Structure formats: C-alpha cells, structure tokens
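Asks: Show me how the following folds:
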Amino acid sequence: MMDLTMRHLRRHWRLNLAVLLCLTLASALLASLSSYAAAVAARELHQSLDDARPAQRSLLITGTPYTFSEELYQDLWEKLGKVLKDRSVIRHATLAADQFDQGTGQQPAVARLEVYSFDNLPETVRLVEGSLPGQVRLNEAKGRWPPPVEAVIGLRAAEQSGYGIGDRLTASGVYHRLDIVGIVDPLDPADDVWGEDLNAFAIPTDTPDLNADAIALPLIIAPFSMRSYLDMPIFPHQVSWRITLNHHLISAAKADALRSDLINFQTQSATRGAKTSTALVQILADYLARLSRVRVTLFLLTAQIFIFVLYTLTMLSSFILDRSQVELATLSARGASAWQVTRVFALENLILALAAGLLFGPALAQVVTYLWGQSAGEALPTTLSGEAWLLSGIAAGFGWLALVLPVFLSARRNIRGWQPTRGRAPQQSLAQKHYLDLYLLAFGGLLYWQLNRTGSFVMRRLGSTQVADPLLLIGPSLLLIAMAMIFLRVLPFLLRLVARFSHHLRGLMLPLGLLRLARDPLQPSRVVLLISLTAGLMLFTRTFGDSLAYSQKALQSDPLAQGLSNALQLNTLTLLLFSVTAFLLAYLVAAQGRLREFGVLRAMGLSVRQCLTLLVIEGIAVLLLGLLAGTLVGLGLSHIMIPYLSQALGDSLAGVSVERILVDWPAVAQLYALLIAVYGSALALLLLILTHTRVGWAPWMGEE
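Replies: Residues are numbered from 1 along each chain as shown. As a prediction, the model looks like this:
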C-alpha cells in the first residue's frame, strides 16, 4: 500500500505540489490570523491600561495597623506574581494643632496637621531645599519626651502657606513638635505610586470643617518616626499600601485569570479587615467584554476564509480525480473496494497535510506575520502561540478531509460507472447530483431565520463575557454560498444561450470557446464558484470596512477599531492571494488535461496562438461570470450580515456603529479592476507556461 501511494505521489507530483501549496496557505492563513488577533487584543489591553488613571490601575489596601503583615503581602504576591511591581507603605496621622500656632502676617493659622510617612520617599521625591527628614532617636532624647521630629514640606504647600525650613509646628499640647528641615516635590506626580493622591504635598482646599482663615498643613516625616515605641504610638495613625503593577506584563491571555485572582484577593483580604480598592477589575472586565464582541467579527472572517479554503481543496481534489479516472477504474475492475482505493489517496494526502500543518504552514505564518507587522506597524508576536499551532493543525485536518471525501464518493462507482464519463463530460457535479446545494440552502435559511428570531449572534453570557453561536455566525455565509451554487445550476443554460447567439458573430475562436464551455460546464463552473466566492467576500469586507469607517474619529482613536480595520484589509489581501493562486493552478491543471484536445485542434489546422486564444476567451468568460455572481453574493451578504455585526460591535468599538450600509461603487470598481488585472496576470503567466510545454506537439500528446 505504501509503495503504491509513493508511486502515485511521484506520478502526479505537479498536482500534489499544488495541493501542498494550498494546504500550506490554509494552515498559514489560520495561524497568522490567530497571531494577528492576539496582537490586536494585546494592543487594546495595553491601550486600556495606559489610558486608565493611576488610581484605577493600581491597588490601594487600607485597614488597621494590625491588618498588614508579611503573610498578607505573600498572598498578594502569589496571586500577582511578576505583575506585582512595588509596594509603598503609607502612614497618615491627623493632629490638632496647638492654639497658639496662629501664624504671622504672612503665614495663615494652622488648625490641623496632616502628617504622612512613605517608606520609599528618597526614591520618589526631588529635594528642592534643605535635607530629607531623619529618624527620631528616642534613646538620645534630652529634656521633654518625645524629642522633636524632623519633617519636610511639599513645594506646593510651602508656596501656599509661607512655611518653610526652620519653622516649628506643635500639636497635642506641645507633645508633638515638628521641625521643618527641607522642601520636596514629587519626581513624577503622574506616577502610579502616588495614585493621583498628592495631598501630602499641597494644602487641600476642600476643608468645610475649618474656618476660612485656617488651614490643614501637610508634613512628611520618616517612617520610623511614625511608628510605635514600647507599644505606644508616637503618632496615632492609619496604614495603607499602594501596590503598583508592571502593566506591560499583563498579557491578553492572562487577563481573565488576573481578574479572577484580584477578586479572590479582595474577598480573602476582607476577612482580615483589609479593604482593597482598585478599578483594575472593572477595566479587565470591560476589556474582555469588548474583546469577545470583536472576536465575533474575527471569527466570521476566519470562518469565511476557511470555507473558501475547503472549497478550493475540494476543487483540486476533483482535478486529481479527473486525472486519475483510469487508475480508479482499473483498481475497481481488479476488485479493489472503495476503502482500499480511498486508503491510497488518504495516505498520500495525509503526508501532504502533515507537512503543511506542522512544517510549511507555521513557517509561512511566521514570515507573513513578521512582514505584516513591519508594514502595518503592529507589534505582532515573533513566535506562534499554542492556539495558532492548533488552528494550523485544524486547517490541515479539515483540508485532508476535503481531499479524501470526494475520492471515497467517487471510488464507490464500479467500472460501468466510469465508462460514461469517458464518452461525454458530466454536466453536473457530485453536489448537484445529490442536491447538496439545496440542502445547504435550506440549512442556511434555517440559521438565518433563527438569527432573525434571536436578533443577535450572542448565544449566552459567561459572566460579563458574551459568547456567540458559531452556527448563527456562519449561517448567512452558508446561505449566500448556497445561492452561488444554485447559480451554477443555471450556468449551463446561460452558456448555451450565449453560445447560440455567438454563432452569428464573425470569427472562430469566440463561438468555439463559448461552445466548449457550454458542452463541458462542470470544469468552468468550479472556477466560476471560486471567483464568485472571492469577489463576494472581498466586496463584503470592503463594504463593511467602508461602512465602519464612516465614523473616522472613532476609528482613529480606538485600537480595536483600528485592529478590525486592518484585519479586514488583511482578509481582502489573503483572499486575493489565495484565489489567484488557486485560479492559476486550476487552469493550469485543466489546460494540461486538455493537451490531447489541443493536439486534435492542431491537427485540424489551428495554430498554437489560436489554441492559446481559446484558453484566454474561456478564462475571460469565466471571470466575468464569476464577478457577476460574486457581486450578488457580496451585496446579499452585506445586507444580511452588517446590521447584526453592527449591533454586536456597537458597544465595543468606542460607540462605532454602522448607521447605513455604504457601498462605495467607485472603490468597488477599482477593486474589480484590481481583480481583473490580477486574474489577467495569472492568465498571462498560464500562457507563458503553456508556451514552453507540449502544446505544439502531435495529436497523441498528453497520453502517458
């Protein structure tokens, strides 16, 4: 069995090379889309954290002095890990100033002293004048106890009050004596370590409990000066922790786990009397909710491309079957069962699928991801994630099924079933014979009816995250694809009608080419469906992008909107590349399969140029029919899908919603011109390849 498989693999190496190329492109496509989606998610998360206020993206833990311990900090470290950046211990005491500290003419009366201490004060402030406060030496106290305590005043508070170096303030009946020895200012007032709370450096203006001519003066002392002595605090105070985080270490993949860990820590620390205040939990929840709705669109793009890939592989499988009809009939005549025949093709395609899904596809995805990131300015990951590898394997696996299933269905025929196909080309595909297009139309219509009833893609909610139903997402796409396949049922009659009218035209090539398409509509119908799917999906993505870009301001400011817009462009380029490659391979294989026919035409007097002109006429006719069907598919898909996508994305993309479906016909015309130019280039390349092959040989060429 393995020997027969390897011989068949070598014998049809050109077709197998085309299959390997398509499988590689499919694996690379899904893997690169996963990487791009991860990059968009990471950029949106970092943008959300950067836009958040310092007090929102940091943690403030408050409680009694007995609440805080190393055990509590260890629990927090176990929850956050390397995300935890630093801990700032803040102590705050409020003292009633002595009544005789009424100030001078230039200094207002001090009614209250707000005394602070920060354990990381030297690293976070700039010394403007004087020196930083020293720790009080209780053992060296002389005279009245406790001794005077050194303090510093904020630059803003000094400017507001007129107090400065050398001033002494007392409180609690001269029990607390604070000597100002320096003036400081925060190094970075916007640093997360302050949490937007700069009350230690400026006199608060909102003090309704004080007289209009009195102030609450903030001072900063050394941490040890605030602590207890013989279990008696020098300054009765409150303790709090300001926890700063390494935001760049918060990845999109761990955002949900981090949110859960923060909620668990809030609950557990509350049992110890601590209160953890942070808006990071809500920031992550909002981010996950927005991301889940945007992933609906990315999933839709992936599903559309994947359906397109599966059809392309099925089309190539049909070409392989056409080239292997003699072998299949021979094996069937010698008693081989359908499973035995299928096993040969299954093993052959499995070798190609494993090579594409595990080697060539991921490697190409990394190259494409890197090049796209360099051109678009996106910070895309350099290595593929586990999800990307999984999608690459899924693409190769489904591609293998798309290649093997048509072989099994065809291998079930016996030698009598093969003979009619040798005399006259079949008029209907296997899907049309078994009415698969009608079943697909009914299934797509059922899903669209269900979508109309529910009014949304959302199937359920997991917490604050919306989960979309994948069947409802791909339902409209299946419906429109089924309509395109039904258009192929009308295609033979349309070709016959056009061929009949072409008989009245002068010249030989145009009537002959149209007659050839009308006589054998199965082969060109596959390419028509390929082009129609490409044009339809590109028209849909262009229409959706133009409709979404109607709100330019939101698109420029919202990272998810920009990522979605770039994803639509990436989707369009990928479809074009994949379609043109498949178009070239399909026509090349079809032309090589018609070498005997070209030999007969050469024997009847046609020149090589006329044979190539015949191929060009057929290609142009198929291209125009495909664009016509693709326009109908794209417009139908846009009018069906965009309202539901707009509803799903309305709350996610900074309020961006599609108010109306915008079809920019000049841009669509440019898009179609690009399609015609690219397909025309593929036809030109095809002619160049065939010019150097056996097209000018005798009538028996093509036989093996």
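
Asks: Enumerate every residue touching Ile243.
Replies: Ser58, Leu59, Leu60, Ile61, Leu76, Leu84, Lys85, Asp86, Arg87, Ser88 (CB atoms under 8 Å, 6 or more residues apart in numbering). (C-beta placed from N, C-alpha, C; glycine too.)

Asks: What residues does Arg506 make contact with?
Replies: Residues counted as contacts of Arg506 (CB under 8 Å, 6+ apart): none.

Asks: Start the count at 37 instead of 1 going forward.
Replies: With the count now opening at 37, the last piece we talked about shows up as Arg542.

Asks: Please tell me the pLDDT value assigned to it.
Replies: For Arg542, the model assigns a pLDDT of 71.

Asks: State the three-state secondary structure for it.
Replies: Following DSSP: H, G, I helix; E, B strand; the rest coil, we place Arg542 in the coil state.

Asks: do Ala147 as well
Replies: Per three-state DSSP, the secondary structure class of Ala147 is strand.

Asks: pretty sure it contacts Ala248?
Replies: No. With contact defined as CB atoms under 8 Å, Ala147 does not count as touching Ala248 (10.9 Å).

Asks: on that earlier part again, among the contacts of Ile279, which are located in strands?
Replies: Leu95, Leu96, Ile97, Leu120, Lys121, Asp122, Arg123, Ser124 (DSSP state E).

Asks: Any idea how many residues pack against Ile256?
Replies: As a burial measure, Ile256 scores 24 neighbours (other CB atoms under 10 Å).

Asks: Provide a list of residues in contact with it.
Replies: Val151, Tyr152, Ser153, Phe154, Leu157, Pro169, Ala187, Val188, Ile189, Gly190, Val220, Ala236.

Asks: Weed out the non-buried ones from the ones in strands among the contacts of Ile279.
Replies: Buried members of these, counted by 16 or more other CB atoms under 10 Å: Leu95, Leu96, Ile97, Leu120, Arg123, Ser124.

Asks: surely the fifth one meets Tyr109?
Replies: Yes. Contact between Arg123 and Tyr109 holds when scored by CB under 8 Å: they sit 6.6 Å apart.

Asks: buried residues in stretch 668-679?
Replies: Result for stretch 668-679 [16+ other CB under 10 Å]: buried residues Leu668, Val669, Gly670, Leu671, Gly672, Leu673, Ser674, Ile676, Met677, Ile678.

Asks: Tell me which two in the residues you listed are the farthest apart.
Replies: Leu668 and Ile678 (16.0 Å; CB to CB).

Asks: List of residues touching stretch 369-386?
Replies: 37-38, 40-41, 44-45, 52, 55, 356, 364, 367-368, 436, 439-440, 443-444, 447-448, 450-451.

Asks: at 7 Å what do you get?
Replies: Under the criterion CB atoms under 7 Å, 6 or more residues apart in numbering, residues 37, 40-41, 44-45, 364, 367-368, 436, 439-440, 443-444, 447-448, 451 lie in contact with stretch 369-386.

Asks: Is it possible to mark the buried ones in these?
Replies: Thr41, His44, Leu45, Leu364, Leu367, Ser368, Trp436, Leu439, Val440, Val443, Ala447.

Asks: Is it possible to get a markdown table of those residues that adds pLDDT and distance to Ile256?
Replies: Shown next, in a markdown table, are the buried ones among the contacts of stretch 369-386 (pLDDT from 0 to 100; distance: CB to CB, whole Å):
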| residue | pLDDT | distance to Ile256 |
| --- | --- | --- |
| Thr41 | 78 | 81 |
| His44 | 72 | 83 |
| Leu45 | 78 | 79 |
| Leu364 | 71 | 89 |
| Leu367 | 72 | 91 |
| Ser368 | 71 | 93 |
| Trp436 | 91 | 70 |
| Leu439 | 85 | 74 |
| Val440 | 87 | 76 |
| Val443 | 79 | 81 |
| Ala447 | 73 | 86 |
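
Asks: List the ones among these that fall in helices.
Replies: Among the buried ones among the contacts of stretch 369-386, DSSP state H puts Thr41, His44, Leu45, Leu364, Leu367, Ser368, Trp436, Leu439, Val440, Val443, Ala447 in helices.

Asks: sorry, back to before: how about TSV for the contacts of Ile256, with neighbour count, pLDDT and distance to Phe580 added?
Replies: Putting the contacts of Ile256 into TSV (neighbours: other CB atoms under 10 Å; pLDDT from 0 to 100; distance: CB to CB, whole Å) gives the following:
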residue	neighbour count	pLDDT	distance to Phe580
Val151	25	93	60
Tyr152	22	94	55
Ser153	25	92	58
Phe154	21	93	53
Leu157	19	91	55
Pro169	24	92	62
Ala187	26	93	63
Val188	30	95	60
Ile189	31	95	60
Gly190	26	94	54
Val220	26	95	56
Ala236	24	92	52
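
Asks: So which of those residues are in helices?
Replies: Among the contacts of Ile256, DSSP H puts Leu157 in helices.

Asks: Between the contacts of Ile256, which sits nearest Phe260?
Replies: Ser153 (8.4 Å).

Asks: these two touch, right, Leu59 and Gly433?
Replies: No. The criterion here is CB atoms under 7 Å, and Leu59 misses it with Gly433 at 10.2 Å.

Asks: and for those two, which residues touch both?
Replies: Common neighbours of Leu59 and Gly433 are listed as Ala389 (criterion: CB under 7 Å, 6+ apart).

Asks: Who has more neighbours out of these two?
Replies: Leu59 (28 against 15).

Asks: From Leu660, how far off is the more buried one?
Replies: 30 Å (CB to CB, to the nearest Å).

Asks: before we move on, what about Asn247?
Replies: 88 Å.

Asks: For Ala88, list the residues it contacts.
Replies: Going by CB under 7 Å, 6+ apart, Ala88 touches Ala315, Ile319.

Asks: switch the cut-off to 10 Å
Replies: Going by CB atoms under 10 Å, 6 or more residues apart in numbering, Ala88 touches Ser94, Asp228, His283, Ala315, Leu316, Gln318, Ile319.

Asks: Which members of those are the farthest-apart pair?
Replies: Going by CB to CB, the pair spanning those furthest: Asp228 and Gln318, at 16.9 Å.

Asks: quick one: the strands in the stretch 137-286 of the chain?
Replies: 145-154, 161-166, 185-190, 204-207, 212-222, 250-257, 264-265, 268-269, 274-281 (DSSP state E, counting those that start in this stretch).

Asks: Next, the angle from the longest helix along the chain to strand 274-281.
Replies: In the chain, taking DSSP H as the definition, the longest helix is helix 316-359. Helix 316-359 and strand 274-281 are oriented at 20 degrees to each other (axes from the mean of the first three to the mean of the last three CA atoms, to 10 degrees).

Asks: and helix 316-359, how far from the chain's centre?
Replies: Averaging C-alpha positions (CA atoms, centre = their mean, to the nearest Å) puts helix 316-359 10 Å from its chain's average.

Asks: Let me know the average pLDDT across that helix.
Replies: 75.

Asks: any idea which helix or strand carries Ala288?
Replies: Counting by DSSP states H and E, no helix or strand carries Ala288.

Asks: What does it show for phi and psi?
Replies: The phi/psi pair for Ala288 (degrees, to the nearest 10) reads phi -60, psi -30.

Asks: Would you map the strands across the stretch 437-586 of the chain?
Replies: Assigned strands in the stretch 437-586 of the chain, in chain order: 494-498, 501-504 (criterion: DSSP E, counting those that start in this stretch).

Asks: Pick the most buried one from the strands of the stretch 137-286 of the chain.
Replies: Comparing the strands of the stretch 137-286 of the chain on average neighbours per residue, with mean count of other CB atoms under 10 Å, the densest one is strand 185-190 at a mean of 26.

Asks: before we move on, back to that, mind putting the buried residues of stretch 668-679 into TSV with secondary structure?
Replies: Listed next are the buried residues of stretch 668-679 as TSV, based on three-state DSSP:
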residue	secondary structure
Leu668	helix
Val669	helix
Gly670	helix
Leu671	helix
Gly672	helix
Leu673	helix
Ser674	helix
Ile676	helix
Met677	helix
Ile678	helix
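
Asks: between these, which is nearest Thr348?
Replies: For the buried residues of stretch 668-679, the nearest to Thr348 is Val669 (16.0 Å; CB to CB).
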